[in-house]
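> just to be clear, the model below is a prediction. Sequence and coordinates:
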Number of protein chains: 2
Amino acid sequence: MLQLSKKVEYGLIALRHMAMNQRGQVFTAKEIAAKYDVPYELLAKVLQKLSKAGVITSTQGIHGGYALARKPNELQVSHIISIIEEEKPTIAECYAEGGEDCQIFNVCTIRKPLGKMQQNLNLLLENTTLEQIV
Amino acid sequence: MLQLSKKVEYGLIALRHMAMNQRGQVFTAKEIAAKYDVPYELLAKVLQKLSKAGVITSTQGIHGGYALARKPNELQVSHIISIIEEEKPTIAECYAEGGEDCQIFNVCTIRKPLGKMQQNLNLLLENTTLEQIV
DNA sequence: TAATATAAGACCGTATTAGTCGTATTTATG
DNA sequence: CATAAATACGACTAATACGGTCTTATATTA
């Protein structure tokens, strides 16, 4: 209920790990997974998404790994969630993409009033950056 | 992902319906379900929880139904969620009751920093009352 | 060429959620 | 007093989401 998914948690933990160290330093999914006792494959997939989105860089091969590509204060939690979940964090179906498909869209009376709550959540997630999490 | 459950949505819709009308007016689960095209049995169970918690009153029998027991501005969304979900809305397992049982509790580095986000969410859900939703 | 890393996608088991059903109880009314 | 209409409550089922695993391919370096 309203909780971040494990994938997002793992992503944040990994990003924080990178942000704590020298800019540009490379870390493997394996070492991060081991350090925080997190399932390797799952973390790997999360990091792949973040890399595809340009949040981190990836280098393959024997000395490869991931490195933070942005400054921590430029990385909003809202953005990180969007990347990992492949959709924006919303408080209800109707605020997500294609929200008009909600079964009760037309008779729903709380959509408009809850919109304000959604906006406030957006603000909260935008104002929280990786910098705050370090 | 971060979304309110259907049960909470239905509960809010029903509460709003009551708040829109005269204080003390009685509504049946059936008529609300019909009006908003929401599954009757599910709504009924939600209303039962709200009634048990004292948010609405219930009267059985042929002219029975539910009526709002509090002023809309006294009804926080956070409270409504807690009643319906039977647990407080949290951003991560570790902030819920028994959160120390989280697998990675000890190595988790984001718990403390995310605590601020949790607090802000709490504020948001407390500051949003039924009055705002009417 | 071997070792080690990311890339990508299929797959599975389980937990949660949404929704249904059945039955008991209460209460007004003809 | 019988019946109808309402809540009360718990068991059950179905659908979906989530967490996690497995497999195979590709890239890079030594």
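The structure has been received and is ready for your questions. Residues are numbered from 1 along each chain as shown, chains lettered A, B, ... in the order given.
> can you give me the strands in chain A?
A:56-59, A:65-68 (DSSP state E).
> so can I have CSV of the ones you listed showing mean pLDDT?
Formatted as CSV, the strands of chain A follow (pLDDT from 0 to 100):
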stretch, mean pLDDT
strand A:56-59, 97
strand A:65-68, 98
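> winner for burial among the ones you listed?
Among those, ranked by average contacts under mean count of other Cβ atoms under 10 Å in any protein chain shown, first place goes to strand A:65-68 (a mean of 22). In this view, the C-beta of every residue, glycine as well, is placed from N, C-alpha and C.
> identify the bridge partners of A:Q76.
On the basis of DSSP bridges, A:Q76 is bridged to A:T129.
> burial count for the closest residue to A:K6 other than its chain neighbours?
Using Cβ to Cβ, 6 or more residues apart in numbering or on different chains and skipping residues adjacent in sequence, the residue nearest A:K6 is A:L42, 7.3 Å away. As a burial measure, A:L42 scores 14 neighbours (other Cβ atoms under 10 Å in any protein chain shown).
> and the helices in chain A, which stretches?
A:6-20, A:29-36, A:40-52, A:77-85, A:111-127, A:130-133 (DSSP state H).
> of those helices, which approaches B:I80 most closely?
Closest approach to B:I80 among the helices of chain A is made by helix A:111-127 (12.2 Å; Cβ to Cβ).
> so, in contact with chain B or not, that closest one?
Yes. Against chain B, helix A:111-127 shows contacts by Cβ under 8 Å from any Cβ of the partner chain at A:P113, A:L114, A:K116, A:M117, A:N120, A:L121, A:L124.
> just to revisit the earlier point, tell me the contacts of the residue nearest to A:K6?
Contacts for A:L42 were tallied using Cβ atoms under 8 Å, 6 or more residues apart in numbering or on different chains; they are A:K6, A:K7, A:Y10.
> distance check, it against A:K35.
15 Å (Cβ to Cβ, to the nearest Å).
> looking at it, A:L2 is touching B:T90, isn't it?
Yes. With contact defined as Cβ atoms under 8 Å, A:L2 and B:T90 form a contacting pair (6.7 Å).
> looking at these two, which is more packed in?
Set A:L2 next to B:T90 and count neighbours by other Cβ under 10 Å: A:L2 wins out with 22 against 18.
> report the contact partners of the residue of chain A most remote from its centre.
Computed with Cα atoms, centre = their mean, the residue of chain A farthest from its C-alpha average is A:V107, at 32.8 Å. Counting by Cβ under 8 Å, 6+ apart, A:V107 makes contact with B:K35, B:Y36, B:D37.
> so A:A69 makes contact with A:G54?
Yes. Between A:A69 and A:G54 there is a contact at 6.1 Å, judged by Cβ under 8 Å.
> let me have the helices of chain A in TSV, extended by mean pLDDT.
Formatted as TSV, these follow (pLDDT from 0 to 100):
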stretch	mean pLDDT
helix A:6-20	97
helix A:29-36	97
helix A:40-52	98
helix A:77-85	98
helix A:111-127	95
helix A:130-133	95
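> can I get those in TSV including distance to DNA strand D?
Putting these into TSV (distance: least, Cβ to the nearest atom of the strand, whole Å) gives the following:
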stretch	distance to DNA strand D
helix A:6-20	3
helix A:29-36	9
helix A:40-52	3
helix A:77-85	7
helix A:111-127	16
helix A:130-133	18
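> which pLDDT value belongs to the residue in chain A that DNA strand D sits nearest to?
Residue nearest to DNA strand D within chain A: A:G61 (2.2 Å; Cβ to the nearest atom of the strand). Looking at A:G61, its pLDDT is 95.
> just give me the neighbour total for it.
6.
> what separation do you get for it and A:K52?
A:G61 is 18 Å from A:K52, by Cβ to Cβ.
> what of A:Y40?
Taken as Cβ to Cβ, the span from A:Y40 to A:K52 is 19 Å.
> neighbour count: these two, which is higher?
Under the neighbour definition other Cβ under 10 Å, A:Y40 and A:K52 were set side by side, and A:Y40 has more, 14 against 11.
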